[in-house]
Structures are given as structure tokens and as C-alpha cells.
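**Student:** Provided below are the primary sequence and the corresponding predicted coordinates.
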Amino acid sequence: MPKFREIVLHIGYFKTGTTSVQTALETCSEALAAQVVFTTAPQDHDLRLAFEEAPLCWHGRYLEHGAASEADYPEIRARIRRQWAARLEALPEAHFDRWIVSSEHLFDLSEPSLRALKNFLSPFTETFRIVFYIREHVATAISMRSTAARFGEPVSDDLLDYLSPYDGIIARWEAVFGRAAMQVRIFERDSLQGRDILTDFFCALGIALPCTATVGETNARINEFGIAVLRRINTQMPKISGFTLNPMNDYIGWLFSEFARDGAQFIPSEATVAAMIAAHAAGDETVRHAYFPERATLFRAYQVPRAKGGNDPAPRADLADQVAAVITALARQTRDDNLALRLEAARAETDRLRLELAEVTAERTRSYRHRLSTHLRACTARLTGAP
């Protein structure tokens, strides 16, 4: 007998609120379990790792699993598959109604990898549902550029390097899981239920909002000066050197995402916007016709913002050089030492405060519902004459 009635695979796309969904799945796991929903966040990214194949190798993730060379990759994948199988086998039958997996890195698995993933999961479920959010291409590319800087990846000023071929992704998943399993949704405030990603996501699955309705902004876009500094830091102190991860890059990237939000942002030219629209036109029409025939266009047209005061938002290179040099020198001096510990403590404290706020919000909601329920019962008693 299958463990679940349905396995939900939430596969992205990038920059469509996936981190918010994953945070909610993790922090509200007990509330979701009360609705017979099984969650495995934040380990869901490993499910992608277990079924990927060269050349689409997530090198940083392998290093986190102890890889010393690429020769270790196959055994790491096999080990992860064994761990997942053992975990699922240990679950009581029919205890959970569904299992929600959320990883925006699943979307780019090849068709053979998807078939292997489906074969692995099929014994545990009756049906599959694939939830895929898509977002206007220019806004997505600009956000991806910022994220690349934060996570120590190469940053391009050409947005065409950040194409998002939704039609090809959807076709690949349809070929393996079937059209009926696909649930494609548009990440656009006016198109989201409640104008919020968490409300939309859980409502789309028919699940009551768990312990908190908001998680707060995650992976906020970094301003242009912050990106300029991070590009220099990532060059001088790469995140990955050979088969060694530099943990300082993650801490520094997190700091910039927290404290370098305001200020000049990347503004694409009209020509770049036109080129992005042209590059995606045929694919977008395919998706619109298949999933959103009621819409005149798949996305609303991107509006190029005006720089404040009409100024060029390009940051000062000399100042970026100086700031990057200071941060890099400090990071090298204290490498995994005091600074890393202080930053980790700061991040932990920030996460603790966010959880505390979520708990306070949830408690207030429960208290309000209790008072409302008591009031309604009293009113009903008065109207009916019941004691």
C-alpha cells in the first residue's frame, strides 16, 4: 500500500518565492503534520542531487557531502538515494495524505533523470502533482543576477545570459509525469491568491495556511554597489577552490543580502528588454495557449524603472575596490575563526527572532479565533434559548 495519496513536487522556478515556501514547510512542519501533510524541508535539495547526471552537477552540494573529487559523486548520489528510501520505507502506511517536496533545483533535471526520479517515488504514492511557478523574464533575470553575486557565482551584465525557457521545462516534465499532473502558476502579485506566495501555494493544494501566513522577505535583491563589491570579493576569494568550500563567502553574501538592499538597482535598457521579450516570445505563447488561454499575454509587460534623479546607477569602482579589499583581508585573516562564529551567531539570532515573531503571530491568531468562537456560541445560545 502506498505511503501517500499524492506527492507534490514544487520545482521552482528561480526567484518565485521558493525560499519562502521552503521556510514555511520547515517551520510549520508540525502544523502541516496535523493536516496529514509530510514535509522534509530543508533536505529536499538533496533529492535533486540524488538523480542528477553530468554535466548538470551541483558541485558545491557534493562538497557539503564530503566529496574529495568527482569520482566520489556517484557514490554520494547512491548514498542519498538509499537514505531517502530508508526514510520513506520507515513511514507508517496511509498515515500521511501527501508529501510536499520543494526544491527550485529540480526543474532542470534531464528527462532520463526525471524518469529515474519518478520510478524511485512511484511505489510510495498513488499520484503526483507538479507545481511550477513562472515569472516575467526580465524581472527574473535581474533577481537571478543579484542571487549569483550573493552565492559566489559569476555575474553577467547581459540579461540574455539568464534566459528562462519555461516551455522546454514544462514539456520535459509533461513527458514524464503527464499533462494532468502539471499545475503551472504565474508569480505575479495580482495573479496570486491573497496577493501572496504562501497563501497562493497552500490554497492551490487545498491546505489550510499553516502556523504562520508570512515568513518575511527572503533572498532580497542586492543593490548595485553591493553586487560590485561581491563580484570583487568572489574573484579574490572564490567560494569553491578545487574541492574546498570557503564558508566565509556564504556569511558575507548573507550580510550583503541583509544590509545592501537599498540604493541604486540594476536598470536594463529598452533594447535589452526588447531582446528578452523576443527571445521568449514563441515559448511564452506555447505556455499561454496550453495553460492560460484566457490571458491576452502570458505576462504583463515589464516596465523599465527610471533611475532616481536620472543618474547613472553604476557604482564607483574605486570605492567598491576599497570595500572589497578590506572585507577580503578581514575574512582571510579570521577565515573560519572569530568572524565566522560571530556571523553565524548573528544569523542564528536573526532566525530565532523571525521564528519568535511567527509564534507570536500564530498565538494572536489562535487567541482571536478562540474569542470569536466563544462569542458566536454565546450569540447562538441567546438566539435559540439554549442554556
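**Tutor:** It's in. Numbering: from 1, shown residues only.
**Student:** starting from the helix or strand in which residue 183 is found, tell me which strands it pairs with and how they run.
**Tutor:** According to DSSP states H and E, residue 183 maps onto strand 182-186. Next to strand 182-186 in the sheet, as set by DSSP bridges, lie strand 125-134 (parallel).
**Student:** and the next element down the chain from the strand it pairs with?
**Tutor:** Strand 125-134 is succeeded, C-terminally, by helix 137-150 (DSSP H and E).
**Student:** output the contacting helices and strands for that next one.
**Tutor:** With contacts taken as 3 or more C-beta pairs under 8 Å, 6 or more residues apart in numbering; DSSP states H and E, helix 137-150 sits against helix 224-236, helix 247-259, helix 270-291. Backbone N, C-alpha and C define where each C-beta goes, glycine included.
**Student:** next, the angle helix 137-150 makes with the last one.
**Tutor:** So that's helix 270-291. Counting by axes from the mean of the first three to the mean of the last three C-alpha atoms, to 10 degrees, helix 270-291 lies at 110 degrees to helix 137-150.
**Student:** quick one on the thing from earlier: would you mind finding the most buried of the helices and strands packed on helix 137-150?
**Tutor:** Comparing the helices and strands packed on helix 137-150 by mean neighbour count (mean count of other C-beta atoms under 10 Å), helix 224-236 ranks first with a mean of 21.
**Student:** does the very next helix or strand once past that one pack against any helices or strands, and if so which?
**Tutor:** Per DSSP H and E, helix 224-236 leads on to strand 240-241 as the next helix or strand towards the C-terminus. Contacts defined by 3+ C-beta pairs under 8 Å, 6+ apart place strand 240-241 against helix 59-64.
**Student:** tell me what the helix it packs on is packed against?
**Tutor:** helix 45-51, strand 240-241, strand 244-245.
**Student:** right, and these - which one's nearest residue 323?
**Tutor:** Smallest distance to residue 323 across the helices and strands packed on helix 59-64 (C-beta to C-beta): 22.2 Å, for strand 240-241.
**Student:** distance from the chain centre to the closest one, please.
**Tutor:** Computed by C-alpha atoms, centre = their mean, to the nearest Å, the chain-centroid distance of strand 240-241 equals 24 Å.
**Student:** same check, this time on stretch 94-111
**Tutor:** Its chain's C-alpha centre and that of stretch 94-111 lie 13 Å apart, by C-alpha atoms, centre = their mean.
**Student:** do stretch 129-144 as well
**Tutor:** So, by C-alpha atoms, centre = their mean, the centroid of stretch 129-144 is 10 Å from its chain's centroid.
**Student:** ranking the helices and strands packed on helix 59-64 by burial, who's on top?
**Tutor:** A comparison of the helices and strands packed on helix 59-64 by mean neighbour count, using mean count of other C-beta under 10 Å, puts helix 45-51 on top with a mean of 21.
**Student:** contacts for that one?
**Tutor:** Helix 45-51 has contacts (C-beta atoms under 8 Å, 6 or more residues apart in numbering) with 58, 61-62, 65, 76-77, 80-81, 84, 101, 103, 105-106, 109, 113-114, 116-117, 120.
**Student:** so which helix or strand takes in residue 88?
**Tutor:** Per DSSP H and E, residue 88 falls inside helix 73-89.
**Student:** contacts for that helix, please.
**Tutor:** 3, 40, 46-47, 49-52, 57, 62, 65-67, 120, 124.
**Student:** please apply the same query to stretch 166-175.
**Tutor:** 11, 13, 107-108, 110-111, 114, 130, 132, 134, 182, 184, 280, 282-284, 286-287, 290-291.
**Student:** switch to 10 Å and redo it
**Tutor:** For stretch 166-175, contacts defined as C-beta atoms under 10 Å, 6 or more residues apart in numbering pick out 9, 11-13, 106-111, 113-115, 118, 128, 130, 132-135, 137, 140, 165, 179-182, 184, 280, 282-288, 290-291, 298.
**Student:** quick one, which of the residues you listed are buried?
**Tutor:** Buried members of the contacts of stretch 166-175, counted by 16 or more other C-beta atoms under 10 Å: 9, 11-13, 106-109, 113-114, 118, 128, 130, 132-135, 137, 140, 181-182, 184, 280, 283-284, 286-288, 291, 298.
**Student:** starting at the chain centroid, how far to the helix holding residue 88?
**Tutor:** On the basis of C-alpha atoms, centre = their mean, helix 73-89 sits 23 Å off its chain's mean C-alpha point.
**Student:** closest one to residue 22 out of the contacts of helix 73-89, please.
**Tutor:** residue 40 (10.3 Å).
**Student:** hmm, back to that, export the helices and strands packed on helix 137-150 as CSV, with columns for distance to residue 35 and mean pLDDT.
**Tutor:** Putting the helices and strands packed on helix 137-150 into CSV (distance: least, C-beta to C-beta, whole Å; pLDDT from 0 to 100) gives the following:
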stretch, distance to residue 35, mean pLDDT
helix 224-236, 40, 93
helix 247-259, 32, 84
helix 270-291, 27, 97
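**Student:** can you tell me which of the contacts of helix 45-51 are buried?
**Tutor:** 61-62, 76-77, 80-81, 84, 101, 103, 105-106, 109, 113-114, 116-117, 120.
**Student:** ok, residue 113 - contacts?
**Tutor:** 48, 50, 51, 52, 53, 56, 106, 172, 176.
**Student:** what's the lowest-pLDDT member of those?
**Tutor:** Taking those together, the minimum pLDDT is found at residue 56 (70).
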